[in-house]
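Engineer: Show me how the following folds:
(one chain, ligands or ions: 1)
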Amino acid sequence: MTMLKKLYTGAAVLALSTSAAVAQEVEVLHWWTSGGEAAALNVLREDLAGSGIGWSDMPVAGGGGSDAMTVLRARVTAGDPPTAVQMLGFAIQDWAAEGALANLDALAAEQGWNDVVPAALQAFSTYEGSWVAAPVNVHSTNWVWANTALMEELGIEQPGTWEEFVAAMQAAQDAGYTALAHGGQAWQEATVFDSMVMGVGGPEFYQAAFIDLDPEALGGAQMVEAFDRMTTLRGFVDDNFSGRDWNLASAMVFNGEALFQIMGDWAKGEFVNAGQTAGEEFQCFRVPGTEGTVTFNSDQFAMFNVDDEAEQASQLAMATAVLSPEFQIAFNVVKGSVPARTDIDPASFDACGQLGMAQLAEAGESGGLFGSMAHGHANPPSVQNAMYDVITAHFNGEYDSAVAAEEMVAAVELAQ
Ligand code: BGC
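Structural biologist: Sure thing, here's the model as predicted:
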């Protein structure tokens, strides 16, 4: 009897603590699967562990998050949304419009998010005036990552014009190196295309083509030229580019096989993860022709509506952790991004991080700050995916530049 009672009490306590442990856990859907990304994710995981919140991992690889968003749709349709989801720009707005996201207004007011999160980010973190997502960072896509030793060996200075950039790649190719490390996946081609559009036509053209979706801009001479630049780049990638993951392309640069990679500053996370230092083994500079502009994207955690009160509490704890100044530094120095708050001292960031912070602020003031098309901050996912298809078909030789520009007009019209 005593024994039975003991067993019963023991079981009851276990059940209680198990349910407490389960409740104090966040299931996080994300696409941070590379070495640098995983290191950054660990900063968050450990931060939450420090507050007694467990982590249930739901990774779905693929930059830009298209694949993650497909998995998310299936989960929500099945009535089982994850606690928190990494999300970009217009996708946040789409989910908020469906009424699927939790309202974070009380927390935002208590912690003064309105005053410290840049307006360009708030445009995506809020829906109809209410906070629905917690911004983690600001990335930007118009960067070149370069191997310093190779630049020195080939006598290459940081190029300031498109012509100098092409000449530098030619020199690398002539010397037997891969000039441009690239992974042939639609989202990577789209990432590069952000900079070709900005480089050819500047802010006015970028706005007209990617944000206003003006058919004249989408199908005009500048769009043809942007595609021509993609053709030029295609001539500088190696034979094995098809399907390669972006982090393997970064590795080609830090291993000295390739001179440049055009990629968002998550690439810096790979260089840092490999033990390299900005301004020493590797360099960063804006894609020639895009200087003065920043094509940005911000990873945010959208919290889905959940009934369980303990789960709601862990959502708030996660949002609190993500927005804290200490976390913004600890996470972003590893991730390669810059803080999603305007009040962070740049001192802890490396040379590329400090440059990124200064340029983000400058571009914000000068009208040079634009959402990245490739990463969901210029137009809704339906249009973005239509653009991906055309850009990647052109890169793979299916269309010439003139046809690609025509296809852009048709695909965008169909997607709207
Ligand atoms: C995300 C980054 C991520 C990159 C590659 C982008 O869409 O914003 O955080 O590192 O994709 O996975």
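
Engineer: The residue of the stretch 201-350 of the chain found nearest the ligand: neighbouring residues, count only.
Structural biologist: For the stretch 201-350 of the chain and the ligand, the shortest gap (C-beta to the nearest ligand atom) falls at Trp266, measuring 3.2 Å. Where C-beta positions appear, they are placed from N, C-alpha and C, glycine not excepted. Neighbour count of Trp266, defined by other C-beta atoms under 10 Å: 26.

Engineer: What sits closest to it if chain neighbours are left out?
Structural biologist: Gly336 (5.0 Å; C-beta to C-beta, 6 or more residues apart in numbering).

Engineer: Over to Asp265?
Structural biologist: Gly336 (4.4 Å).

Engineer: and the one you found, what does it touch?
Structural biologist: 36, 139, 264-270, 272, 352-353 (C-beta atoms under 8 Å, 6 or more residues apart in numbering).

Engineer: I'd like the residues you listed laid out as TSV, including pLDDT.
Structural biologist: Shown next, in TSV, are the contacts of Gly336 (pLDDT from 0 to 100):
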residue	pLDDT
Gly36	97
His139	98
Gly264	98
Asp265	98
Trp266	98
Ala267	98
Lys268	98
Gly269	98
Glu270	98
Val272	98
Cys352	98
Gly353	98
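
Engineer: Narrow these to those in helices?
Structural biologist: 36, 266-270, 272, 352-353 (DSSP state H).

Engineer: Get me the contact residues on the stretch 301-416 of the chain for the ligand.
Structural biologist: Residues of the stretch 301-416 of the chain that fall close to the ligand, judged by C-beta under 6 Å from any ligand atom: His375.

Engineer: In three-state terms, how would whatever residue of the stretch 301-416 of the chain ends up closest to the ligand be classified?
Structural biologist: The stretch 301-416 of the chain approaches the ligand most closely through His375 (4.5 Å), counting by C-beta to the nearest ligand atom. With DSSP: H, G, I helix; E, B strand; the rest coil as the basis, His375 sits in coil.

Engineer: That one contacts Leu88, doesn't it?
Structural biologist: Yes - His375 lies in contact with Leu88 (C-beta atoms under 8 Å); the separation is 5.5 Å.

Engineer: Now list whatever residues contact both of these two.
Structural biologist: Joint contacts of His375 and Leu88 (C-beta under 8 Å, 6+ apart) are 64-65, 297.

Engineer: what ranges do the strands span in the chain?
Structural biologist: 25-30, 54-59, 84-88, 126-127, 130-131, 133-135, 139-140, 143-147, 178-180, 258-262, 282-286, 294-297, 299-303, 369-371 (DSSP state E).

Engineer: by contact count, what packs against the last one?
Structural biologist: Using 3 or more C-beta pairs under 8 Å, 6 or more residues apart in numbering; DSSP states H and E, the elements in contact with strand 369-371 are helix 186-206, strand 294-297.

Engineer: hmm, back to that, need the phi and psi values for the residue nearest to Asp265.
Structural biologist: Gly336 has phi and psi values of phi 100, psi -10 when expressed as degrees, to the nearest 10.

Engineer: quick one on the thing from earlier: show me what the closest residue to the residue of the stretch 301-416 of the chain closest to the ligand other than its chain neighbours is bridged to.
Structural biologist: Spatial nearest neighbour of His375, excluding adjacent residues (C-beta to C-beta, 6+ apart): Asn297 at 3.5 Å. The partner list for Asn297 in beta bridges (DSSP bridges) reads His139.

Engineer: can you pull out the helices in the stretch 101-250 of the chain?
Structural biologist: For the stretch 101-250 of the chain, the helices defined by DSSP state H, counting those that start in this stretch occupy 105-111, 113-116, 119-125, 148-154, 162-174, 186-206, 215-219, 221-234, 246-254.

Engineer: Dump these to JSON lines, plus distance to the ligand and mean neighbour count.
Structural biologist: Compiled in JSON lines, the helices of the stretch 101-250 of the chain are given as follows (distance: least, C-beta to the nearest ligand atom, whole Å; neighbours: other C-beta atoms under 10 Å):
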{"stretch": "helix 105-111", "distance to the ligand": "22", "mean neighbour count": "14"}
{"stretch": "helix 113-116", "distance to the ligand": "20", "mean neighbour count": "15"}
{"stretch": "helix 119-125", "distance to the ligand": "12", "mean neighbour count": "19"}
{"stretch": "helix 148-154", "distance to the ligand": "23", "mean neighbour count": "16"}
{"stretch": "helix 162-174", "distance to the ligand": "23", "mean neighbour count": "18"}
{"stretch": "helix 186-206", "distance to the ligand": "7", "mean neighbour count": "24"}
{"stretch": "helix 215-219", "distance to the ligand": "23", "mean neighbour count": "19"}
{"stretch": "helix 221-234", "distance to the ligand": "19", "mean neighbour count": "19"}
{"stretch": "helix 246-254", "distance to the ligand": "6", "mean neighbour count": "23"}
